[in-house]
Every structure is written in structure tokens, then in C-alpha cells.
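Engineer: show me how the following folds:
(one chain, ligands or ions: 1)
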Amino acid sequence: MLPKNKDKIRRILNVTKIQRIASSCIFFLTFIFFLIQWGITPLSSGTLVHAAHSAPVPVPKPIKMREWHYIVIHHSGAFSGNEATIEADHLRRGMENGMAYHFLIGNGSTGLGDGEVREGHRWKYQLPGGHCHQEFLNTYGIGICLVGNFNRKGPTPNQIKSLAALLFRLQAQFYISDENIHGHGQFYGEDSDCPGKLFPWANLWASLNKIYEFQLMSSRNEHLIQGK
Ligand SMILES: [Zn+2]
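Structural biologist: Got it, this is the predicted structure:
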């Protein structure tokens, strides 16, 4: 090949190379432009994420409270226990939503303090309970279980105090009257001795009345102070 022709070919080749580089750059810049338009930002690692301003973070829906008309009080029947042990037991018995009660009140025995109140999965997600034989009680009844066997030994004073405080809160929130609060076996058709013959009903009502009296006094005092 003649040197003259060689130069010509080289020039043509160089022009083609420049054109290729230029078109690649234009393609890349166009790609980036569209990414930005779509709200996507390339990260240095090469992954693509949505820009914070363009994609709102999904907010979890608040759980809607169910309608509750009754409160059913139970004992666990065992001297010790906590959420995990009861949850495991109820799952083993085929209850797919786990612990059948909505609340559990510990006696200080195993991992749960004396009087410590725990909300169960069924309360957090407002699911029907699995604590009664009759469906209407599981659907409309809040199940509260105190750890212990109250046929053998009564609940601790702290358990009763916590139960009274919880009843006060739930009664106010769901307008549940005293007449609709019972031990499991006191509900007609349940055929159970739960929460045990040593359950101190008189102490419970006295504790609950004390809370109501205290609240009444506090609100009266507030009115007096405001009226000054
Ligand atoms: Zn029961």
C-alpha cells in the first residue's frame, strides 16, 4: 500500500474512532439525563436507588381497634411462665396466632416481672382471642391472663394492682361496664374453674374502686385550681 493512501486510511480510521467515542458519550449522558428525570440516582457502587425526594417512604397503616364488649380474666394454670412459654405452648396446640390471650400479667417467676403487663401479638394486631370455648367471647372479649395457678396459690398483690390499672384503662377506652368483666368460668357456657377458687375478687374490685376514686379526686382538684 502507498504511504499516501496509508495516511488517508489512518485519518478515516481516527475520525471513525472519534465519532464512536462521541456517540458513546452522548448515549451515556442521555441515559443519565433520563435516570434523573425518573428520580433515580446512580450510586458510586453501581446500584440504583430512588432519590429520597421522589419516592415517599411507605407509612405502615395504623391498626384499627376492634369492638370489644367483654373482659375475660384467666389464670395460666402453671406457677411460672412468660409470653414465650405460653406462645410456644399455644402454637404447639395448633393456635396459629400464638398466645390465645391479649394481655399477660407476670408474677416474677420466669423472665416476666411481678405485676409486669405484656401485650400479646393478638392485641398488637387486634385479632380475636383464642381463650374461650365460645366464639362470641373470643371475638368480643379481651383476654387477660395472670401467670399462676390460683386453685393452689392466689395471685400476688402486684398482679392485682396491675390488673386493676389495666381494667381501668380498657373500660375507659372501650366503654366496658363492670357487669361485662368476669372470670373465665363465670361466663355462661364456658364450663371452667378458671381463674381458680383463690382469685381475690374483693381485692380486685377494691383496687379498681381506688383508681376511680383517685381519678375523681384529681379531676375535682383540677376544677378547684382552675376556678381560683
Ligand atoms: Zn381461662
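
Engineer: what's the end-to-end length of stretch 89-100?
Structural biologist: 10 Å (C-alpha to C-alpha, to the nearest Å).

Engineer: residues contacting that stretch, please?
Structural biologist: 83, 86-87, 120-122, 127, 129-131, 143 (C-beta atoms under 8 Å, 6 or more residues apart in numbering). Using the backbone N, CA and C atoms, a C-beta is placed for each residue, glycine as well.

Engineer: low-confidence bits of the protein, can you list those?
Structural biologist: Regions of the chain meeting the criterion pLDDT under 70 cover residues 1-54, 226-228.

Engineer: up against the ion, what does the protein have?
Structural biologist: Neighbours of the ion within the chain, by C-beta under 5 Å from the ion: 74, 184, 194.

Engineer: now with 8 Å, please.
Structural biologist: 72-75, 77, 131-132, 143, 145, 183-185, 190, 192, 194-195 (C-beta under 8 Å from the ion).

Engineer: returning to that earlier point: ok, so of the contacts of stretch 89-100, who is nearest the ion?
Structural biologist: Distances from the ion to the contacts of stretch 89-100, taken as C-beta to the ion, are shortest for His131 (6.0 Å).

Engineer: wait, the closest one sits on Val72?
Structural biologist: Yes: with contact defined as C-beta atoms under 8 Å, His131 counts as touching Val72 (6.2 Å).

Engineer: find residues that contact each of these two.
Structural biologist: In contact with both His131 and Val72: 137, 141, 143, 184, using C-beta under 8 Å, 6+ apart.

Engineer: residues contacting the third one?
Structural biologist: Gly143 is in contact with 72, 74, 100-103, 122, 129-132, counting by C-beta under 8 Å, 6+ apart.
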